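> mind folding the following:
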Amino acid sequence: MDVSLLALFASAFISATLLPGGSEALLAWMVHQGEYPVTHLVLSATAGNLLGSLVTFGMGALLRTRYPLKTLEKPQHQHARRWIERYGAFSLLMAWLPIIGDPLCFVAGWLGVRFSLSVVTIALGKLLRYLVVAGIFM
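Below you'll find the predicted structure:
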């Protein structure tokens, strides 16, 4: 894998964890530069962002075994819990959203939402987001 695509992957991964990142800006810049096929860029960003969300999902799943769910006291976690209890894994289509996306993935892991469906819905939402970003800058 080319170093630039790896940097995009890493930026997308970091953006999907609890740390801030700017993968959309990097993707837009790389699309504008035109050095790589847009499909490679979108897939690299999507893969990194998906993996980052799955790490967050996994952290929630691991913590579920140690702490009771009632300890989710942060307002964003309570909001995410209500979304997931209402819409299940389909709420993870919104995992790409700033501020609520990370808590959605974390709480979904904590609630034990089915992993396979979670992967599909997270990936679909993130892919669509990066397709929009790439399409705007083509």
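> elements contacting whichever strand or helix holds V31?
Following DSSP states H and E, one finds V31 within helix 23-33. When contacts are defined as 3 or more CB pairs under 8 Å, 6 or more residues apart in numbering; DSSP states H and E, helix 23-33 packs onto helix 3-16, helix 38-64, helix 115-136. Just so you know, the C-beta spots here come from the backbone N, C-alpha and C atoms, and that holds for glycine as well.
> is it possible to export those to JSON lines including mean pLDDT and mean neighbour count?
Shown next, in JSON lines, are the helices and strands packed on helix 23-33 (pLDDT from 0 to 100; neighbours: other CB atoms under 10 Å):
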{"stretch": "helix 3-16", "mean pLDDT": "87", "mean neighbour count": "19"}
{"stretch": "helix 38-64", "mean pLDDT": "94", "mean neighbour count": "20"}
{"stretch": "helix 115-136", "mean pLDDT": "94", "mean neighbour count": "18"}
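> nearest to K74, out of those helices?
With CB to CB as the criterion, K74 lies closest to helix 38-64 of the helices and strands packed on helix 23-33, at 12.7 Å.
> tell me which residues of the helix or strand following that closest one come out buried.
Downstream of helix 38-64, the first helix or strand assigned by DSSP H and E is helix 75-87. By neighbour count on 16 or more other CB atoms under 10 Å, the buried set for helix 75-87 is H77, A80, R81, W83, I84.
> one step back: quick one: which of the helices and strands packed on helix 23-33 is nearest M30?
Judged by CB to CB, the one of the helices and strands packed on helix 23-33 that comes nearest to M30 is helix 38-64, at 5.3 Å.
> tilt between that closest one and helix 115-136?
Regarding helix 38-64 and helix 115-136, their directions subtend 140 degrees when assessed with axes from the mean of the first three to the mean of the last three CA atoms, to 10 degrees.
> tell me the one of the buried residues of helix 75-87 nearest W29?
Distance to W29, by CB to CB, is smallest for A80 among the buried residues of helix 75-87, at 31.0 Å.
> so who does the closest one touch?
When contacts are counted by CB atoms under 8 Å, 6 or more residues apart in numbering, A80 is found next to S91, I100, P103, L104, F106, V107, A108.
> ok, the fourth one touching A95?
Yes. Counting by CB atoms under 8 Å, L104 does reach A95; the two are 5.3 Å apart.
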